[in-house]
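Q: the following block contains a protein sequence and its predicted model.
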Amino acid sequence: MPIRVKEGLPAIEILANENIFIMTENRAEHQRIRTLEILVVNLMPTIVATETQLLRLLSNTSLQLNVEFLKLSAPNSKDSISEHLREFYLTFDEIKNKSYDGMIITGTSVGRLEFEQVDYWNELCKVMEWSKYNVNTSLYLCWGAYAALYYHFGVEKINLSEKLSGVYTHSVNKREHPIVRGFDDLFMAPHSRSISVNKEELLKIANLDILAESKKAGVYLITDKNNKQLFVTGHCEFDRFTLKTEATRDYLAGLNSELPENGQTIDNALFTEKTSWSSHASLLFSNWINYYVYQQTPYYLQELPYRRKAENVNERFVAK
């Protein structure tokens, strides 16, 4: 089934060439189907590439999704990006009285900055607080996962001495959990980050379960026991060239001179040009859509058990 997006989004043409069906708003309006409403808070500097990567993974479902993008107020110096945000992204004021079946908050590129030092931290906290009452389930990726763990559970981040960049082997801890249904015992996933968390601190929180981890990259999949929040500390959404692009960017900025780990295969082809994580990423997203979003959401979003309008949400979202 197709994903519904706003007419003209650049990802439409790219995904159409991959035989992925993206439905425009006009066509979707003539179908009498309860679409699932998904909100994406895209914080990545590679805005269009990230949109494409996420839509590619969200498309792997028999359900129809209506995907909307939310922008935060942090300024962007590139006029072309600003124009793209104005055309395809909504502001919080435009969505604050709506409800969504699912929300995705992406990673970002802020290095080891403290959360409160990030320009849009207060606004992101506002969105996360609002989501507790107006979103059925949330998926957090990389920095977004660490930010959400800090905001919702008080889990402090750890700054790594060297950036973790590469593709790593992970193992499943709780095979009975629906989010890892169909996973192999060992699977690959990319990471590109300068922060982490202490596993022992997570284990102290009764409402959290660690579903998968890596000897090298650490904890990877974390969920709350209500299956309302899924934290992914890596970048399973990355395409085959993203790690290489990020490594080049860091090198040119003088931030990191190392190639991503596990960067060469036996035949000397770049690992990032021969993916080993795409099937895992596709399964993770389809499990999230099926078990966390579709099977838990009420038919009428107005019936979300804790739904409140924005003006009635307790404003706990100011920075700590």
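A: Yep, that arrived.
Q: quick one, strands of this structure?
A: Counting by DSSP state E, the segments of the chain that form strands are 3-5, 22-24, 36-41, 65-70, 89-90, 100-105, 135-141, 158-172, 186-196, 208-214, 218-224, 229-232.
Q: out of those strands, which gets the lowest mean score?
A: Note on the strands of the chain: lowest mean pLDDT is at strand 22-24, with a mean of 60.
Q: ok so, going back, now the strands of the chain as JSON lines including mean neighbour count?
A: Where C-beta positions appear, they are placed from N, C-alpha and C, glycine not excepted. JSON lines is the format used below for those (neighbours: other C-beta atoms under 10 Å):
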{"stretch": "strand 3-5", "mean neighbour count": "25"}
{"stretch": "strand 22-24", "mean neighbour count": "18"}
{"stretch": "strand 36-41", "mean neighbour count": "23"}
{"stretch": "strand 65-70", "mean neighbour count": "21"}
{"stretch": "strand 89-90", "mean neighbour count": "18"}
{"stretch": "strand 100-105", "mean neighbour count": "25"}
{"stretch": "strand 135-141", "mean neighbour count": "25"}
{"stretch": "strand 158-172", "mean neighbour count": "17"}
{"stretch": "strand 186-196", "mean neighbour count": "22"}
{"stretch": "strand 208-214", "mean neighbour count": "20"}
{"stretch": "strand 218-224", "mean neighbour count": "23"}
{"stretch": "strand 229-232", "mean neighbour count": "27"}
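Q: can I get those in a markdown table with distance to residue 83?
A: Shown next, in a markdown table, are the strands of the chain (distance: least, C-beta to C-beta, whole Å):
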| stretch | distance to residue 83 |
| --- | --- |
| strand 3-5 | 17 |
| strand 22-24 | 20 |
| strand 36-41 | 19 |
| strand 65-70 | 14 |
| strand 89-90 | 11 |
| strand 100-105 | 23 |
| strand 135-141 | 25 |
| strand 158-172 | 31 |
| strand 186-196 | 27 |
| strand 208-214 | 39 |
| strand 218-224 | 36 |
| strand 229-232 | 30 |
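Q: tell me which of those sits nearest to residue 274.
A: Nearest to residue 274, of all the strands of the chain, is strand 158-172, at 10.2 Å by C-beta to C-beta.
Q: what helices and strands are in contact with that closest one?
A: Contacts defined by 3 or more C-beta pairs under 8 Å, 6 or more residues apart in numbering; DSSP states H and E place strand 158-172 against strand 186-196, strand 208-214, helix 242-252.
Q: how about those, which one is nearest residue 103?
A: Of the helices and strands packed on strand 158-172, nearest to residue 103 by C-beta to C-beta is strand 208-214, at 18.5 Å.
Q: counting by contacts, list what that closest one packs against.
A: strand 158-172, helix 199-203, strand 218-224.
Q: need those in TSV with distance to residue 15, can you?
A: TSV is the format used below for the helices and strands packed on strand 208-214 (distance: least, C-beta to C-beta, whole Å):
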stretch	distance to residue 15
strand 158-172	24
helix 199-203	35
strand 218-224	26
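Q: nearest to residue 179, of those?
A: strand 218-224 (6.2 Å).
Q: what strands flank that closest one, and is each parallel or antiparallel?
A: Strand 218-224 has its sheet partners listed here by DSSP bridges as strand 208-214 (antiparallel), strand 229-232 (antiparallel).
Q: between the first one and strand 158-172, how many degrees?
A: Okay, so that is strand 208-214. 80 degrees (axes from the mean of the first three to the mean of the last three C-alpha atoms, to 10 degrees).
Q: tell me how far strand 208-214 lies from the chain's centre.
A: Centre-to-centre, strand 208-214 and its host chain are 17 Å apart (C-alpha atoms, centre = their mean, to the nearest Å).
Q: can you list the residues that contact it?
A: By C-beta atoms under 8 Å, 6 or more residues apart in numbering, the list of residues contacting strand 208-214 from outside reads 153, 168-174, 177, 179-180, 183, 187, 189, 199, 202-203, 219-225.
Q: about what we covered before: among the helices and strands packed on strand 158-172, which comes closest to residue 303?
A: Residue 303 lies closest to strand 208-214 among the helices and strands packed on strand 158-172, at 26.9 Å (C-beta to C-beta).
Q: angle of that closest one against strand 186-196?
A: Per the same axes, to 10 degrees, the angle that strand 208-214 makes with strand 186-196 is 110 degrees.
Q: send me strand 208-214 as PDB with only the CA atoms.
A: Written as PDB, here are the backbone C-alpha positions of strand 208-214 (Å, rounded to 0.1, in the frame of the first residue of the first chain):
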ATOM      1  CA  LEU A 208      12.500  -0.100  30.100                       C
ATOM      2  CA  ASP A 209      13.600  -3.300  28.300                       C
ATOM      3  CA  ILE A 210      16.800  -3.700  26.300                       C
ATOM      4  CA  LEU A 211      15.900  -5.700  23.200                       C
ATOM      5  CA  ALA A 212      19.200  -5.800  21.300                       C
ATOM      6  CA  GLU A 213      22.800  -4.700  21.800                       C
ATOM      7  CA  SER A 214      26.300  -4.900  20.400                       C
END
